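> A predicted structure for the sequence below; I have some questions about it.
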Amino acid sequence: VAGGVGATFALPVYHALLREMPSAKVKLVWAIRTAGDATWAAATTPPGAKSIMQDNGVELFLTGDMGISSSESPSAGGSGSSSIEMRSLGRGRAGNPKRPDFAKIIDDTFRLGTEESVAIFVCGPAEMARDVRKRTAPWVQRGRRVWWHDESFGW
């Protein structure tokens, strides 16, 4: 899970996991303000790797104001923000503004293999990392093995 510039750290790790562990189930969830904020990632795609827009293992969410007022788009997060809510580009849901649903993403991940260990790597704002951790806690309490790494940042 990467937030904003956290992808400068998370994306190379994602590509290394794909390269060195081809049978691993790897997913990258990346929340950024604008599509332009991801242009560097497309330019730095390793040889033989898919671009982030063509990689089914990448879910990209846009958080910035896309020129649509909050009255034109329902708020999914109830944060009181006047900008459009996050928008997923990774799976053809660009017309469905929403924030990454970390509860669903994490639950879906843990349901894939009931006995497998799961590694969660977060690099982004501390609030995002706390939310991901909160959503992971019930699975740990049920006995799932989780390797957790947090590279939070903020002011």
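All right, it came through fine. Treat the numbers as computed from the prediction; the structure is a model and nothing was measured.

> which strands and helices sit next to the longest helix seen in the chain?
Among all segments of the chain classified by DSSP state H, the helix with the greatest residue count is helix 126-141. In terms of contact count using 3 or more CB pairs under 8 Å, 6 or more residues apart in numbering; DSSP states H and E, helix 126-141 is assigned the packing partners helix 102-112, strand 118-122, strand 146-150. Backbone N, C-alpha and C define where each C-beta goes, glycine included.

> gap between stretch 130-149 and the chain center?
Taking CA atoms, centre = their mean, to the nearest Å, one finds the center of stretch 130-149 at 16 Å from the center of the full chain.

> pull up the gap between the residue most central in space within the chain and Ile106, please.
Computing the C-alpha centroid of the chain and ranking residues by CA atoms, centre = their mean puts Val29 first, at 1.8 Å. Counting by CB to CB, to the nearest Å, the gap from Val29 to Ile106 is 10 Å.

> show me what contacts the residue nearest to Phe110 when sequence neighbours are not counted?
By the measure of CB to CB, 6 or more residues apart in numbering, the closest residue to Phe110 outside its immediate chain neighbours is Trp139, 4.8 Å from it. Contacts for Trp139 were tallied using CB atoms under 8 Å, 6 or more residues apart in numbering; they are 106, 110, 118, 146.

> just to revisit the earlier point, beta partners of the residue nearest to the centre of the chain?
Here Val29 sits in beta bridges with Glu59, going by DSSP bridges.

> surely it meets Ala2?
Yes - under the criterion of CB atoms under 8 Å, Val29 lies in contact with Ala2, with a separation of 7.2 Å.

> neighbours of Gly113, how many?
Counted with other CB atoms under 10 Å, residues neighbouring Gly113 total 11.

> what sits up against stretch 21-41?
The contact list for stretch 21-41 (CB under 8 Å, 6+ apart) reads 1-4, 7-8, 10-11, 14, 17-18, 52, 55, 57-64, 66, 86, 89, 99-100, 105, 109, 112-113, 124, 128.

> buried ones among the residues you listed?
With neighbours counted using 16 or more other CB atoms under 10 Å, those contain these buried positions: 1-4, 7, 10-11, 14, 17-18, 52, 55, 58-63, 66, 86, 89, 99-100, 105, 109, 124, 128.

> among those, which lie within helices?
Going by DSSP H, the helices hold 7, 10-11, 14, 17-18, 105, 109, 128 from those.
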